[in-house]
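Asker: When you get a sec, could you give me coordinates for this:
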Amino acid sequence: MLHRMVLPALTAIALAVSGCGASTGGKDSGGGGIAGAANGSGAAGDGVLKIGLLSTLDGPFAALGQAANDGAKLALLDAGAQRSGTGYRDGMTGLTIGGQKVELVVESSDATPDVALAAARRLVEKDGVDILVGPLGGDEGLAVKGYAKQHPEVTFVNGTSAAQNTTLRDPAANFFRFTTDGTQWMAGLGAYTVNTLHYKRVVTVAEDYSFPYDQVGGFMTPFCGAGGHVPKKVWVPLGTKDFSSFISSIPKDIDALYVALGGTDALNFVKQLDESSLKGTPIVGGSITVDGAVINGLGKRADGIVSAGPVAALDTVQYRDYAAKLKATFPQAGPPGLFDIGYYIEMTALLKALTEVKGKVDDGHKALNAALAKLTLDTPIGPVRLDQNRQAIANNYLFQVRDGQSALIQTIPDVNQTLGLDRAAFVAQPANDRDHPSCP
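Answerer: This next block holds a predicted model:
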């Protein structure tokens, strides 16, 4: 079945937001639980359950945050809430759970961890939210996880941040992620590259920060395990215009390139690649390397590229219903994509758990967190459940570009965070970075 690849048709910003910015490390003092408790956070003592929504509505990544907020608000509308306005920053009211009114408060980041952290603080310490849904980007998620540890009186539910270590290593007990991470998004691709495409020597080309590290790691782990070799990894700054020096460093004796670049970065790289002595080198793509805009921009050069990701236009009632509701409710929205579906899934999970506990959060969120931990969902992109670190286990999808469209060629069911490998051994390995994994 041919279908359009459903990741949003965006520019180079798409790769950036999944893991942009530097880690905040120890910068987050967080203010402990004092300010949040003073504002009623975690108690809903005034009879109002406050949900904070954190995405990126500022800076160059605003289009992704807009899609995210559409998805989150659609879940609330499904449950009976009403919009306070039509703007992306407008809140929502009108929903009651367990006799308590539910109020949505919206805050924005610019996809950098420091700004996301400041927004999370405003939601918790100024607005007194009981639950925070977000953030959108990978390094933002790492920052918010650290903040969550300092605020056990608040429940944190992910947006679409996809850095693996938000949940795999040193997780926060009150942080839940019902969407998969950037490493899981590569499930199926590495083994397929060796066993079906018969590419044994591959050089990777990716931007130089956390989300691409996880994409490359997710590709290389099964690729190397199946007998593949990566003689060189090329890391480039986001927004690179001149790739000539990077292209000249690529060995000639390779079977293919694995490219984890997004939007205009992908277009510029492939164009310059095909103006070099490596013209026509086969390409294997990261999750957003061949989204709709890039496929169109690459034209015939995109044909044959195989990629993988968490979102597919499935021939199911759930997917068709979601797509129809999204378009009917938000006519300006594009086709269903990673950001709207991700936030929709996370908000749906939260509302389902709140309904199960009848809105009870005045027990220190014990009942709510327990309900979230054991929750299972049937989503527009397949079933979801959580592992012991409150991280999604879900399907992943393998695609090949054919005649300007992405054809679904394989579904990889129940992908866990260690790609099926022994958990203890996987966690004991170094985290994905510039040097790990390695199989020269």
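Asker: drop to CA atoms for contacts and neighbour counts, all remaining ones
Answerer: Will do.
Asker: Provide a list of residues in contact with the closest residue to residue 374 other than its chain neighbours.
Answerer: Leaving aside its sequence neighbours, residue 374 sits nearest to residue 386 (C-alpha to C-alpha, 6 or more residues apart in numbering; 7.0 Å). With contacts defined as C-alpha atoms under 8 Å, 6 or more residues apart in numbering, residue 386 is in contact with 177, 178, 373, 374, 375, 376, 392, 393.
Asker: So what does residue 386 look like in phi/psi?
Answerer: phi -110, psi 150 (degrees, to the nearest 10).
Asker: What's opposite it in the beta bridge?
Answerer: Here residue 386 sits in beta bridges with residue 392, as judged by DSSP bridges.
Asker: Now do it against residue 137, distance only.
Answerer: Taken as C-alpha to C-alpha, to the nearest Å, the spacing of residue 386 relative to residue 137 amounts to 20 Å.
Asker: In the one helix or strand residue 71 maps to, which residues are buried?
Answerer: Element membership for residue 71 (DSSP states H and E) is helix 62-79. Using 16 or more other C-alpha atoms under 10 Å as the test for burial, helix 62-79 gives 62-77, 79.
Asker: for stretch 198-211, same thing?
Answerer: Buried residues in stretch 198-211, counted by 16+ other C-alpha under 10 Å: 199-211.
Asker: before we move on, what about stretch 318-331?
Answerer: In stretch 318-331, counting by 16+ other C-alpha under 10 Å, buried: 319, 322, 323, 326.
Asker: Spatially, what comes nearest to the second one if we skip its sequence neighbours?
Answerer: Residue nearest to residue 322 in three dimensions, not counting chain neighbours: residue 380, with 6.4 Å by C-alpha to C-alpha, 6+ apart.
Asker: was I right about that neighbour contacting residue 318?
Answerer: Yes. The pair residue 380 / residue 318 is scored as a contact, 4.7 Å apart, by C-alpha atoms under 8 Å.
Asker: Now do stretch 369-383: distance to the chain's middle.
Answerer: Taking the mean C-alpha point of stretch 369-383 and that of its whole chain, the gap between them comes to 17 Å (C-alpha atoms, centre = their mean, to the nearest Å).
Asker: right, and residue 440 touches residue 227 too?
Answerer: No. Using C-alpha under 8 Å as the test, residue 440 is too far from residue 227 to be in contact (10.8 Å).
Asker: so how far is residue 313 from residue 319?
Answerer: The spacing between residue 319 and residue 313, counted by C-alpha to C-alpha, is 7 Å.
Asker: what sits in contact with each of the two?
Answerer: Taking C-alpha under 8 Å, 6+ apart as the contact rule, the neighbours common to residue 319 and residue 313 are residue 381.
Asker: Domain map for the chain?
Answerer: 2-180+314-394, 184-312+396-428 (automatic domain parsing).
Asker: so which of these gets nearest residue 436?
Answerer: Within those, the stretch nearest residue 436 is domain 184-312+396-428; the backing value is 7.2 Å (C-alpha to C-alpha).
Asker: what's the span of that closest one from first residue to last?
Answerer: 18 Å.
Asker: Same check on stretch 280-299?
Answerer: In stretch 280-299, first residue to last residue: 13 Å (C-alpha to C-alpha).
Asker: Residue 124 - that's part of a helix, no?
Answerer: Yes. Secondary structure assignment (DSSP: H, G, I helix; E, B strand; the rest coil) places residue 124 inside a helix.
Asker: pLDDT score assigned to residue 337?
Answerer: Reading off the confidence values, residue 337 has pLDDT 87.
Asker: With residue 401 instead?
Answerer: Taking residue 401 on its own, its pLDDT is 91.
Asker: Now do the helices in the protein.
Answerer: Secondary structure of the chain (DSSP state H): helices at 13-17, 34-38, 62-79, 113-121, 138-149, 189-195, 210-225, 244-248, 263-273, 292-298, 317-329, 338-356, 366-373, 423-428.
Asker: Which other helices and strands does the last one contact?
Answerer: Contact here means 3 or more C-alpha pairs under 8 Å, 6 or more residues apart in numbering; DSSP states H and E; on that basis helix 423-428 packs against no helix or strand.
Asker: Any chance you could list what contacts it?
Answerer: Residues contacting helix 423-428 (C-alpha under 8 Å, 6+ apart): 168, 169, 418.
Asker: Counting only strands, which of the residues you listed make the cut?
Answerer: Members of the contacts of helix 423-428 lying in strands (criterion: DSSP state E): none.
Asker: Narrow the residues you listed to just the buried residues.
Answerer: If you count burial by 16+ other C-alpha under 10 Å, the buried members of the contacts of helix 423-428 come out as 168, 418.
Asker: Looking at the contacts of helix 423-428, spot the one nearest residue 104.
Answerer: With C-alpha to C-alpha as the yardstick, the closest approach to residue 104 among the contacts of helix 423-428 comes from residue 168, at 29.0 Å.
Asker: Quick check: the closest one vs residue 425, distance?
Answerer: Residue 168 sits at a distance of 12 Å from residue 425 (criterion: C-alpha to C-alpha).
Asker: residues in contact with the spatially closest residue to residue 48 that is not a sequence neighbour?
Answerer: Leaving aside its sequence neighbours, residue 48 sits nearest to residue 101 (C-alpha to C-alpha, 6+ apart; 4.8 Å). With contact taken as C-alpha under 8 Å, 6+ apart, residue 101 is in contact with 47, 48, 49, 93, 94, 95.
Asker: Same check on residue 70?
Answerer: If you count contacts by C-alpha under 8 Å, 6+ apart, residue 70 has them with 88, 326, 330, 333, 340.
Asker: still on that earlier bit, okay, the contacts of residue 101 in JSON lines with distance to residue 145, neighbour count and pLDDT next?
Answerer: Converted to JSON lines, those look like this (distance: C-alpha to C-alpha, whole Å; neighbours: other C-alpha atoms under 10 Å; pLDDT from 0 to 100):
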{"residue": "47", "distance to residue 145": "27", "neighbour count": "14", "pLDDT": "83"}
{"residue": "48", "distance to residue 145": "25", "neighbour count": "19", "pLDDT": "94"}
{"residue": "49", "distance to residue 145": "22", "neighbour count": "27", "pLDDT": "97"}
{"residue": "93", "distance to residue 145": "27", "neighbour count": "18", "pLDDT": "97"}
{"residue": "94", "distance to residue 145": "30", "neighbour count": "16", "pLDDT": "97"}
{"residue": "95", "distance to residue 145": "28", "neighbour count": "18", "pLDDT": "98"}
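Asker: what about the stretch 1-150 of the chain, any weak spots by pLDDT?
Answerer: For the stretch 1-150 of the chain, applying pLDDT under 70 flags the ranges 1-45, 60.
Asker: Sounds good, over and out.
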